[in-house]
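> structure for this input, please:
(one chain, ligands or ions: 1)
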Amino acid sequence: MAQTGVQIITVEPGSLAEEAGIRPGDTLLEIHGEPVLDQLNYQYLITREDEAVLRLRRPDGSTLETSVENGGEGIGVDLAQDEVKVCRQNCVFCFVHQMPKGFRKSLYLKDEDIRLSFLYGHFTTLSSSDDAELDRIVRERLSPIHVSVHATDPAARIRVVGNPREGDILRKIDRLLAGGIDVHTQAVVAPGLNDGAIWQQTLDDLGARRREGRGSVLSLSCVPVGLTAHRDGLPTVQDVDPAFAREWALRWKPEVRRLAAANEGEPWLLLADEWFTRAGLEVPGRAFYSRSWAQLENGVGLVRRFLEHSRRFIRSPRAQGYAGRRVLLLTGPSFAPTLSRVAAELNRAVGSHLRVVATKNFSFGETVTVAGLLCGADLKYAAHADREAHEGRAGWVDAVVVPSSSLRTHTGPTDQYTLRGVVVREEGTFLDDLTLPQLAADLGVPTVPSGANLSHLLDHLEAADRGAFRGGALQEAFHTAGLNQPQGAYNP
Ligand code: SF4
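Residues are numbered from 1 along each chain as shown. Next comes the predicted model:
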């Protein structure tokens with residue numbers, strides 16, 4: 001992560017920076033004699049003291065040294081975007097290695113960046129983090145951090161991450177904990193790889209590091225491995241079938257409750273929704289999930305949260321906005337049963353005509369059942385098949401809904417970080433580059449993203465009524481959170 005300063009892109013008129021003679025194009029090299037590594041590091045350094053001592057390099061190569069009385073605030077500059085740090089590991093179930101060929105370049109980029117882990121909850125194996133970087137996490141208090149442990153048994157971890165030097169994850173975690181950093185952890189579980197005694201050891205080791213105060217393992221989630229049909233030349237990994245998922249869910253559900261009881265009712269061990277959806281089991285009630293919905297982005301509690309919201313929404317006057325609407329909802333097979341149940345309840349309550357279609361993923365293979373990895377071509381195929389089956393004299397449907405999570409544009413945030421040499425597509429494009437406007441034009445009916453709940457969806461349907469999705473084009477802001485996210489697909 002060592003860089004030679006960070007370039008200043010803009011200087012706010014009338015700002016402290018302008019008064020100090022700082023100009024766009026200058027490179028900020030040091031604050032208080034410490035090298036400026038990136039935007040996050042700048043925030044840390046600039047807010048540390050009431051007066052900032054700066055060293056900059058001018059475009060002509062000369063150096064400017066100045067100090068600014070900033071009272072511990074920013075000085076009015078925008079810095080160049082940081083480049084995402086790229087992973088050099090070789091995990092046996094890495095999703096990127098299992099991507100079909102021919103997708104755009106950004107989808108093959110593996111990020112492994114502690115800054116994204118801190119800012120956005122991306123999981124990192126810490127394999128690319130040396131001691132200096134771990135010390136930086138401590139110094140800048142980048143807490144909590146999200147760590148993919150997978151297994152604490154060194155031999156098992158080496159097998160999982162494919163790197164003989166990365167067996168001892170506990171050493172790295174302990175260094176962070178000793179520095180007062182909290183850690184959310186996860187294990188992606190594959191049968192025969194890190195289940196059984198290896199999983200038990202992982203649970204015990206991390207459980208022993210849950211403590212009061214700073215420097216604690218805040219949670220451990222287990223997520224079933226996700227395999228696509230594109231594993232040619234990759235190591236054999238056994239998939240989690242419904243029988244294994246059922247056995248796992250039933251075995252560990254009581255343990256979640258037991259550990260929560262010992263933790264003032266706050267769940268610490270977290271089971272991803274997919275254990276239940278793959279097994280065809282009902283997801284547990286609200287108390288099974290942490291009060292703050294910890295690891296929601298990792299697929300823990302999404303279904304329960306959706307059900308809770310739906311129950312309240314259907315009883316509210318706003319639900320009448322669905323009355324009479326004929327809507328086709330496309331989603332992945334894992335979420336379809338839940339969504340169908342909720343749609344039926346809404347139909348009964350307000351007289352709407354919502355229909356759910358479990359959409360097969362032909363692009364990645366039918367083993368991939370999450371909504372967030374459906375491609376435009378899969379959704380188009382499912383919508384046409386539904387039209388053939390259901391178009392009658394009164395027409396087909398008034399609108400088609402696609403999962404918002406299938407419109408995720410990239411593997412990480414883009415306002416602050418760039419993906420090395422890669423152009424990130426616009427919002428409103430599916431993984432296979434088909435755009436929402438193109439799909440809407442093909443289907444000939446308004447086609448809208450789902451949002452995260454029935455309320456978001458109604459906002460979108462009403463926006464379509466107003467012509468905000470004219471020709472499928474998004475004329476105003478829409479809810480980007482999805483009804484169902486890919487489970488850890490991009491943040492393994
Ligand atoms: S799973 Fe994550 S850490 Fe492992 S190879 Fe893929 S991107 Fe790297």
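> close to the ligand: what parts of the stretch 201-350 of the chain are there?
For the stretch 201-350 of the chain, the contact set with the ligand under C-beta under 6 Å from any ligand atom is empty. Any C-beta I mention is one placed from the backbone N, CA and C, and that applies to glycine too.
> all strands in the stretch 201-350 of the chain, in order from the N-terminus.
Using DSSP state E, counting those that start in this stretch, the strands of the stretch 201-350 of the chain run over 217-224, 269-271, 326-331.
> next one: the stretch 351-492 of the chain
Listed in chain order, the strands of the stretch 351-492 of the chain (DSSP E, counting those that start in this stretch) span 353-358, 399-402, 417-418, 447-449.
> which of the strands of the stretch 201-350 of the chain sits closest to Ala261?
Ranking those by distance to Ala261, with C-beta to C-beta as the measure, places strand 269-271 first at 11.7 Å.
> strand partners (parallel or antiparallel) of that closest one?
Here strand 269-271 has these sheet partners by DSSP bridges: strand 217-224 (parallel).
> okay, the angle between the longest helix that the chain contains and strand 217-224?
Longest helix in the chain, counting residues (DSSP state H): helix 242-261. Taking axes from the mean of the first three to the mean of the last three C-alpha atoms, to 10 degrees, one finds that helix 242-261 is oriented at 170 degrees with respect to strand 217-224.
> helices and strands around helix 242-261, which ones?
On a contact count with 3 or more C-beta pairs under 8 Å, 6 or more residues apart in numbering; DSSP states H and E, helix 242-261 meets strand 217-224, strand 269-271, helix 273-279.
> columns mean pLDDT and mean neighbour count on top of these, output as JSON lines?
Shown next, in JSON lines, are the helices and strands packed on helix 242-261 (pLDDT from 0 to 100; neighbours: other C-beta atoms under 10 Å):
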{"stretch": "strand 217-224", "mean pLDDT": "97", "mean neighbour count": "24"}
{"stretch": "strand 269-271", "mean pLDDT": "98", "mean neighbour count": "24"}
{"stretch": "helix 273-279", "mean pLDDT": "95", "mean neighbour count": "25"}
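> could you dump the ones you listed to CSV with distance to Leu302?
Shown next, in CSV, are the helices and strands packed on helix 242-261 (distance: least, C-beta to C-beta, whole Å):
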stretch, distance to Leu302
strand 217-224, 12
strand 269-271, 12
helix 273-279, 6
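> residue ranges of the helices in this protein, please?
Going by DSSP H, the chain shows helices at 16-19, 39-46, 114-120, 131-139, 154-161, 169-178, 196-207, 242-261, 273-279, 302-315, 336-350, 376-390, 436-443, 454-465.
> so where's this structure uncertain?
Residue ranges of the chain with pLDDT under 70: 1-3, 408-427, 469-492.
> spatially central residue in it, please.
The chain has Glu297 as the residue nearest its centroid, 5.1 Å off, counting by C-alpha atoms, centre = their mean.
> the ligand versus that one, what's the distance?
As judged by C-beta to the nearest ligand atom, to the nearest Å, Glu297 and the ligand stand 15 Å apart.
> my read: that residue touches Phe123, true?
No. Counting by C-beta atoms under 8 Å, Glu297 does not reach Phe123; the two are 9.6 Å apart.
> for Phe118, which non-adjacent residue is spatially closest?
Leu142 (4.0 Å; C-beta to C-beta, 6 or more residues apart in numbering).
> please apply the same query to Thr359.
Spatial nearest neighbour of Thr359, excluding adjacent residues (C-beta to C-beta, 6+ apart): Ala382 at 4.2 Å.
> repeat that for Trp293.
Excluding the flanking residues, the one nearest Trp293 by C-beta to C-beta, 6+ apart is Gly301, at 5.3 Å.
> contacting residues for that neighbour?
Shown in contact with Gly301 (C-beta atoms under 8 Å, 6 or more residues apart in numbering): 270, 273, 288-290, 293, 295.
> how about these, which pair is most distant?
Top of the distance list for the contacts of Gly301 (C-beta to C-beta): Asp273 and Ser290, 13.8 Å.
> which of the contacts of Gly301 are buried?
Neighbour-count burial (16 or more other C-beta atoms under 10 Å) applied to the contacts of Gly301 gives 270, 273, 288-290, 295.
> re earlier: same list (the strands of the stretch 201-350 of the chain) but as CSV, adding distance to Phe364.
As requested, the strands of the stretch 201-350 of the chain are exported to CSV (distance: least, C-beta to C-beta, whole Å):
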stretch, distance to Phe364
strand 217-224, 16
strand 269-271, 24
strand 326-331, 15
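> relative to Ser340, which of the ones you listed is closest?
strand 326-331 (8.6 Å).
> who touches that closest one?
For strand 326-331, contacts defined as C-beta under 8 Å, 6+ apart pick out 339, 343, 352-359, 371, 374, 379, 382-383, 386, 396-403, 450, 461, 483-484.
> which stretches in the stretch 51-200 of the chain count as strands?
Under the criterion DSSP E, counting those that start in this stretch, the stretch 51-200 of the chain contains strands at 51-57, 63-69, 77-79, 82-83, 145-148, 183-189.
> turn those into JSON lines, including distance to the ligand and mean neighbour count.
Listed next are the strands of the stretch 51-200 of the chain as JSON lines, based on distance: least, C-beta to the nearest ligand atom, whole Å; neighbours: other C-beta atoms under 10 Å:
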{"stretch": "strand 51-57", "distance to the ligand": "34", "mean neighbour count": "19"}
{"stretch": "strand 63-69", "distance to the ligand": "39", "mean neighbour count": "13"}
{"stretch": "strand 77-79", "distance to the ligand": "26", "mean neighbour count": "19"}
{"stretch": "strand 82-83", "distance to the ligand": "16", "mean neighbour count": "18"}
{"stretch": "strand 145-148", "distance to the ligand": "7", "mean neighbour count": "24"}
{"stretch": "strand 183-189", "distance to the ligand": "8", "mean neighbour count": "25"}
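> JSON lines for these, including distance to His97?
Shown next, in JSON lines, are the strands of the stretch 51-200 of the chain (distance: least, C-beta to C-beta, whole Å):
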{"stretch": "strand 51-57", "distance to His97": "40"}
{"stretch": "strand 63-69", "distance to His97": "45"}
{"stretch": "strand 77-79", "distance to His97": "33"}
{"stretch": "strand 82-83", "distance to His97": "22"}
{"stretch": "strand 145-148", "distance to His97": "15"}
{"stretch": "strand 183-189", "distance to His97": "14"}
